[in-house]
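Asker: curious how this folds, go ahead:
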Amino acid sequence: MNPTLLLAIPLLPLVAAIVAGLGGRLIGRGGAHTVTCLAVGASCVLSVMVLKQMWWDGAPTYDGPVYTWLVSDSMHMQVGFLIDRLTALMITVVTFVSLCVHVYTIGYMADDPGYTRFFSYISLFTFSMLMLVMANNFMQLFFGWEAVGLVSYLLIGFWYTRPSAIFANLKAFIVNRVGDFGFVLGIAGIAYYTYSLDYRDAFAAAPHIALAAVPLTATTSVNALALICICLFVGAMGKSAQVPLHVWLPDSMEGPTPISALIHAATMVTAGIFMVARMSPLFEYSDSALSVVMVVGALTAFFMGLLGVVNNDIKRVIAYSTLSQLGYMTVALGVSAYGAAIFHLMTHAFFKALLFLAAGSVIIALHHEQDMRRMGGLARYMPITTVTCWIGALALIGTPFFSGFYSKDAIIEAVGESHRRGAGFAYLCVLLGVFVTALYTFRLLFLTFHGPERFRAAAPHSEADDHEGAHQDGHDDHGGHGGDPQESPWVVTVPLIALAIPSVLIGAFTVAPVLFGSYFGHSIFVLPANDVTARVGEDFGGALSFALHGLLKPPFWFAAAGVATAWLFFLKRPELADRAARRFRLAYRILCEKYYFDWFNEKILAALTRGIGVGLWKGGDQGVIDGAMVNGTAEGIGWFGGVLRRVQSGYLYSYAFWMVIGLAALLGWYLTHP
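Answerer: Coordinates of the predicted model:
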């Protein structure tokens, strides 16, 4: 493996980001999108070459340092690359989806005043994610981990004049700091037990760390490896938006649609899933940690999907879909089906990016309208967007022969094969989640593209609203309210078509080698007793047979029931949905309030932390530090100086008096202590 080629993959987007960011005024809009698209395109080509070398040519794993940053007490902190089949797959997915988003952005952000800045940010985002997945040590992993968090903060709040965008990016930043605190503790635990930050040293020491215990009290202790793995997973909960650290992801929709696609499909949220899969040699020796991972993922998969059923914002519905699908991946990790989790990550990246970009195409056509209740009947006006969105939806619900079916059904079957504690609950959640996924997905399709044309009756925008919308979403009126919608330009539709093709085909073509074959090799470690994927693969007879058998299995019928319910409630007889909302008012209110997570965080947790902060400020800082230590010391010295000034009168008889007093005191002490 050529190290120069490997260096070029992440550095090309970095150089492009610097050029577009610092030299945007010199090269202009055309120069900014040209240099970033070419750089990410070149990285994509190089990533495909690496994948070819690792897969078809059978190249050995590359694990080597690039640059030593610091040596401290025999601990080397380095920039280094670990290029195996897991890495090759990830960098190919990241660069391909990022390239599609870059091209799409040319059309979507055409009139935005921050055009060159946006291209700089998304190219920097790509660099950060590539550094994360290519790392061979925890220091570089943490660098990429924090870098994607920083750039997501910049992109979610890209329209910084909007208070809602600033609130959303601060929320994402703070929630991820909570997760990152656990992540840092996990890395510190690895460093404590191995005196190294390299993956290979940590993986080799895993069986020994599994025998160690961390004392909690004089009589109780916890397994050291379980504690480390749970701390690492807390970091993954933040990045991959698992309950209860999921609250930032729906609000990330405040950013432009291209970045929504990039965050949800190829960067940020996939980092946690990748990290746990990469750490499989650690997690495999801790059943308790894997049970925690599985249960958290199951809760996210089902309960976050329910929120998509009641939301009316087209982008937020897809965002809740991402939460649910991340839950499926996390459940797969929890049952030791790491390969199935990465396989679903790959297929999901294509059809989720497709759905987000299709939603952006609709938003363009309707002049930035995102409320699905003000859409409908768009299929006749936007045929390419409609067909590609249908493809993404069919893949998302796990329709046989579409890519999502192969990865999603494999996860459900793997959970069914698992005997890990909590697997029964997880299986119920992921199975019911199939119905919920089909319900909210086809609700989106029917409300947006079919039924009556409600966009004509939508309240017209004022001139001020039109100006604000053009500034926020980077477009002038393309025929939204008040005129017939039009299909988006080619720079928008070409990425849709490019993503629709793998959304249909990638699952069938790769399920045999990637999921049930030996593609991952030593990239992923699974103990023989935990290998549920192998047990599922015992009956695998090929992609066609797997899909045909899927027609007879419960997930297909649950999905069909969800589609039928959506058709009845939101297309055939929409009054039934209103009637159900009134009848189940309490449940509907709970879902609309998002289980009151935001209320608790903003009203209770934020108030509590503010109270603690004010108490520490007034009692600790002002009272103790400023009051007693700083101001108190100064006042004490001033008082003592005042006393001394009274003694130092300058009169001779005064000094003689104090000398006699002092002499008498010394004489008295001497006489009483012979």
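
Asker: all strands of this structure, in order?
Answerer: Under the criterion DSSP state E, the chain contains strands at 62-72, 75-83, 213-215, 221-223.

Asker: what sits up against the second one?
Answerer: This means strand 75-83. Applying CB atoms under 8 Å, 6 or more residues apart in numbering, the contact partners of strand 75-83 are 1, 3, 6, 50, 54, 61-71, 87, 134-137, 139-140, 191, 195-199. In short, each C-beta sits where N, CA and C put it, glycine included.

Asker: are any of these buried, and which?
Answerer: Burial by neighbour count, 16 or more other CB atoms under 10 Å: within the contacts of strand 75-83 this picks out 6, 50, 54, 61-63, 65, 87, 134-137, 139-140, 191, 196-199.

Asker: sort out for me which of those are in helices.
Answerer: Counting by DSSP state H, those place Leu6, Val50, Met54, Thr87, Met134, Met139, Gln140, Ala191, Tyr199 in helices.

Asker: ok, now which ones touch Trp490?
Answerer: Residues near Trp490 by CB under 8 Å, 6+ apart: Gly107.

Asker: mind listing the helices for the stretch 501-650 of the chain?
Answerer: Remark: helices assigned in the stretch 501-650 of the chain by DSSP state H, counting those that start in this stretch are 532-537, 543-550, 554-567, 575-583, 585-592, 597-599, 606-615, 632-647.

Asker: tell me which of those helices is the most buried.
Answerer: Neighbour counts (mean count of other CB atoms under 10 Å) averaged over each of the helices of the stretch 501-650 of the chain peak at helix 532-537, with a mean of 20.

Asker: chain center to that one: distance?
Answerer: On the basis of CA atoms, centre = their mean, to the nearest Å, helix 532-537 sits 28 Å off its chain's mean C-alpha point.

Asker: need the residues that contact that helix.
Answerer: For helix 532-537, the external contacting residues (CB under 8 Å, 6+ apart) are 335-337, 339-340, 410, 413-415, 417-418, 515-516, 526.

Asker: lowest mean pLDDT across the helices of the stretch 501-650 of the chain, which one is that?
Answerer: Mean pLDDT values for those show the minimum at helix 632-647, a mean of 75.

Asker: count the residues that sit near Ala301.
Answerer: Applying other CB atoms under 10 Å, we find 30 residues neighbouring Ala301.

Asker: for it, which non-adjacent residue is spatially closest?
Answerer: Closest residue to Ala301 apart from its sequence neighbours, by CB to CB, 6 or more residues apart in numbering: Gly327 at 3.0 Å.

Asker: got a list of what that neighbour touches?
Answerer: Neighbouring residues of Gly327 by CB under 8 Å, 6+ apart: Gln242, Gly297, Ala298, Leu299, Thr300, Ala301, Phe302, Met304, Gly305, Cys429, Val430, Gly433.

Asker: kindly recompute the last result at 10 Å.
Answerer: 240-243, 246, 296-305, 426, 429-430, 433 (CB atoms under 10 Å, 6 or more residues apart in numbering).

Asker: can you report phi and psi for the closest residue to Thr61 other than its chain neighbours?
Answerer: Nearest non-adjacent residue to Thr61, counting by CB to CB, 6+ apart: Asp84, 4.3 Å away. Here is the backbone geometry of Asp84 (degrees, to the nearest 10): phi -130, psi -170.

Asker: need the pLDDT of Asp84.
Answerer: What the model reports as pLDDT for Asp84 is 93.

Asker: just Gly627 next, same as before
Answerer: The confidence metric pLDDT takes the value 68 at Gly627.

Asker: ok, the one 4 residues further on next?
Answerer: For Asn631, the pLDDT comes out at 72.

Asker: that one contacts Ile625, doesn't it?
Answerer: Yes: counting by CB atoms under 10 Å, Ile625 is a contact partner of Asn631 at 9.3 Å.

Asker: circling back: now intersect the contacts of helix 532-537 with the helices, please.
Answerer: Gly339, Ala340, Ala410, Glu413, Ala414, Val415, Glu417.

Asker: tell me which helix or strand of the chain sits lowest on mean pLDDT?
Answerer: One helix or strand of the chain scores below all others by mean pLDDT, DSSP states H and E: helix 463-473, with a mean of 37.

Asker: residues contacting the closest residue in space to Gly360 that isn't next to it in sequence?
Answerer: Leaving aside its chain neighbours, Gly360 sits nearest to Thr257 (3.4 Å; criterion: CB to CB, 6+ apart). Counting by CB under 10 Å, 6+ apart, Thr257 makes contact with 101, 104-105, 108-109, 314-315, 318, 356-364, 370, 473-474.

Asker: using ChimeraX, define a selection of the buried residues within the residues you listed.
Answerer: Only the buried entries of these go into this ChimeraX selection, using 16+ other CB under 10 Å:
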select :101,104,105,108,109,314,315,318,356,357,358,359,360,361,362,363,364,370,473,474
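
Asker: just the ones of the contacts of Thr257 in helices?
Answerer: Among these, DSSP H puts 101, 104-105, 108, 314-315, 318, 356-364, 473 in helices.

Asker: low pLDDT regions in this structure?
Answerer: Applying pLDDT under 70 to the chain flags residues 457-482, 620, 627-628, 646-647, 649, 674.

Asker: from Leu355, how far off is the closest residue in space to Tyr440 that isn't next to it in sequence?
Answerer: Leaving out its chain neighbours, the residue that sits closest to Tyr440 by CB to CB, 6+ apart is Gly308, at 3.6 Å. Note on Gly308: its distance to Leu355, by CB to CB, to the nearest Å, is 12 Å.

Asker: roughly how far does the residue positioned nearest the centre of the chain sit from Met275?
Answerer: Nearest residue to the geometric centre of the chain (CA atoms, centre = their mean): Val269, 2.2 Å. Shown here: Val269 relative to Met275, a distance of 12 Å by CB to CB.

Asker: overlap in contacts of those two?
Answerer: Common neighbours of Val269 and Met275, using CB under 10 Å, 6+ apart, are Ala236, Lys239, Ser240.

Asker: so which of those residues wins on neighbours?
Answerer: Each of the shared contacts of Val269 and Met275 was scored by neighbours using other CB under 10 Å; the highest score is Ser240's, at 31 neighbours.

Asker: isn't it right up against Val276?
Answerer: Yes: Ser240 is within contact range of Val276, at 8.6 Å (criterion: CB under 10 Å).

Asker: tabulate the strands of the chain (TSV), appending distance to Tyr153.
Answerer: Formatted as TSV, these follow (distance: least, CB to CB, whole Å):
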stretch	distance to Tyr153
strand 62-72	24
strand 75-83	23
strand 213-215	33
strand 221-223	34
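
Asker: for Glu593, find the nearest of these.
Answerer: With respect to Glu593, and counting by CB to CB, the nearest of the strands of the chain is strand 221-223 at 35.4 Å.

Asker: so how far is that closest one from its chain's centroid?
Answerer: On the basis of CA atoms, centre = their mean, strand 221-223 sits 30 Å off its chain's mean C-alpha point.

Asker: once you drop chain neighbours, what's closest to Tyr195?
Answerer: Met75 is the one closest to Tyr195 (CB to CB, 6+ apart), at 6.1 Å.

Asker: how much space is there between that neighbour and Gly416?
Answerer: Look at Met75 and Gly416: by CB to CB, they are 44 Å apart.

Asker: out of the two, which sits in the busier spot?
Answerer: For the pair Met75 and Gly416, the greater number of neighbours falls to Gly416 (18 against 14), based on other CB under 10 Å.

Asker: hmm, that one is touching Tyr427, no?
Answerer: Yes: contact status for Gly416 versus Tyr427: in contact at 5.3 Å, counting by CB under 10 Å.

Asker: may I see the buried residues of stretch 239-257?
Answerer: Residues of stretch 239-257 classed as buried: 239-243, 245-257 (neighbour count, 16+ other CB under 10 Å).
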